[in-house]
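J.: Quick one: sequence plus predicted model below, questions after.
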Amino acid sequence: MEVMKLAYLDCSSGISGDMFLAALLDAGVELDRLREELKKIDLGPYEFTEGRVMRRGLSGNHVEIEAPGKQSHRHLSHIEKLIGDAALDEAVKQRALQVFRRLGEAEAKIHNQPIEKIHFHEVGAVDAILDIVGGCLGLAMLGSPELVC
């Protein structure tokens, strides 16, 4: 009998990239391994901190990623090159690229612009790139469970 892996996200109040990374760590992703994999992306200096916090009587992980200085706005092609050039597992790269492509398509639609002209503002920042690629890495480390939200 095959067992299907399932990850259930209760996002009734929303979820951010760092919250998703923290949840993946709580689910068993190894922090040191995640950090080592993320270093494979040529994003320059940044700080990745993790620790336990209490929120409304519940304990959980808290992740924060901070990069020094002003963050540049990136086009999808630049983000695709950063991810494509990284020495990451090919399936992880493809999943992360799919996420960015869908974000780019949504931005292009709401701004009525071709996807090539879209500048990623917050989503193109170092922390957002690490949140998305880190989320894809974490899911792969957990055996690529099906996500239900």
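T.: Received it, and whenever you're ready, just let me know what you need. Residues are numbered from 1 along each chain as shown.
J.: List the contacts of the residue nearest to Asp131 when sequence neighbours are not counted.
T.: Sequence neighbours aside, Gly17 is the residue nearest to Asp131 in space, at 2.5 Å (criterion: C-beta to C-beta, 6 or more residues apart in numbering). From N, CA and C alone the C-beta is placed, and that goes for glycine too. Contacts for Gly17 (C-beta atoms under 8 Å, 6 or more residues apart in numbering) come out as 127-128, 130-132, 134-135.
J.: So which of the residues you listed wins on neighbours?
T.: Counting neighbours by other C-beta atoms under 10 Å, the top entry in the contacts of Gly17 is Gly134, with 28 neighbours.
J.: Which strands or helices does the host helix or strand of that residue pack on?
T.: With secondary structure defined by DSSP states H and E, Gly134 is part of helix 126-141. Other helices and strands packing on helix 126-141, by 3 or more C-beta pairs under 8 Å, 6 or more residues apart in numbering; DSSP states H and E, are helix 17-26, helix 31-38, strand 58-66, helix 76-85, helix 90-111.
J.: So for that helix, mean pLDDT?
T.: Averaged over helix 126-141, pLDDT sits at 94.
J.: What pairs with the lowest-mean-pLDDT helix or strand in the chain, parallel or antiparallel?
T.: Between all helices and strands in the chain, the lowest mean by mean pLDDT, DSSP states H and E belongs to strand 119-120, at a mean of 78. Sheet pairing for strand 119-120, assigned by DSSP bridges, gives strand 74-75 (antiparallel).
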